[in-house]
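> let's see this in three dimensions:
(chains A and B)
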Amino acid sequence: MLSIYGSALDVPNILKEWYEEEAHSNYGAFIPFVGTVRSEDGIDGLSFDIYEPILNRWFKSWQDKAELLGATIKMAHSKGDVMLHESSYIAAVFSPKRKVALSLINEFVEDFKACAPIWKYDLKEGKRIYALERSTAIKGSGILGVKK
Amino acid sequence: MVKVEFLGPIQKEPLELEIRNLNELANILREDAQMQEWLENSAVAVNDTLVSSLDVDLKDGDRVSLLPPVCGG
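Down below sits the predicted model:
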């Protein structure tokens, strides 16, 4: 399940919903990761753009991978502005056993950072500034660049 | 006609181009001063599938997207 919200995430309710959805699915482990906006470099918050068609395809490939391991992945992300100490990202893995969930949440979040088509901006002094230095070029980038 | 979209922080309106492949698109964008900072670090998708080379033919109605560096979370 992938959910996009137009505001900061209501973390307690989302985690409660996910927990209740899988309460009788016979999973032995539920490992959530919650990303919260920290005070850093004078920012007032963060803002996000998302390209949903490719995000949906990317997420589906992870759902399929999790399914082969008997696990399931859920993810929620904000688009637009998220202010300090609010949360913009939750990912969670449910699996029969602890080790699969711990390993999968790490792989999933790393791949999310490298591939998910989401762009982050710092909100600072009324401006929305693209966080280029913290961003990662997607694998295969640069093919349109100047011929070497 | 092929539609070319510029995603995220690339502040550029979509283009509608008569092009037959990604090489032709590369030649057009390399002449665009506004795009110079993005061509070396952007990924390319055709009809929402990422591609890894310019050897891709395009047909009428195809959509090409440029995806600059990402940072979710």
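> give me every residue that touches the spatially most central residue of chain A.
Centroid-nearest residue in chain A, with C-alpha atoms, centre = their mean: A:Y89, separated by 4.9 Å. Residues counted as contacts of A:Y89 (C-beta atoms under 8 Å, 6 or more residues apart in numbering or on different chains) are A:L9, A:F33, A:V34, A:G35, A:M75, A:A76, A:H77, A:S78, B:G72, B:G73. In short, each C-beta sits where N, CA and C put it, glycine included.
> go again using 7 Å as the cut-off
A:G35, A:H77, B:G72, B:G73 (C-beta atoms under 7 Å, 6 or more residues apart in numbering or on different chains).
> that's a strand at it, yeah?
Yes: under DSSP: H, G, I helix; E, B strand; the rest coil, A:Y89 falls within a strand.
> what sits closest to it if chain neighbours are left out?
Excluding its sequence neighbours, the residue lying closest to A:Y89 (C-beta to C-beta, 6 or more residues apart in numbering or on different chains) is A:G35, at 3.6 Å.
> who does the residue nearest to the centre of chain A bridge with?
Beta-bridge pairing of A:Y89 under DSSP bridges involves A:G35, A:H77.
> do you know how far it is from A:S78?
To A:S78, A:Y89 is 7 Å away according to C-beta to C-beta, to the nearest Å.
> which ones are touching the residue nearest to A:Y89?
A:S87, A:S88, A:Y89, B:G73.
> surely the second one meets A:V82?
Which is A:S88. Yes: contact criterion C-beta atoms under 7 Å: A:S88 and A:V82 qualify, at 4.3 Å.
> these two: which has the busier surroundings?
A:S88 (28 against 25; other C-beta atoms under 10 Å in any protein chain shown).
> let me know the pLDDT of that one.
Looking at A:S88, its pLDDT stands at 98.
> if I look at it, how far off is A:A101?
22 Å.
> likewise for A:W62?
A:W62 is 13 Å from A:A101, by C-beta to C-beta.
> what's the answer for B:P14, then?
B:P14 is 41 Å from A:A101, by C-beta to C-beta.
> cool, thanks, signing off.
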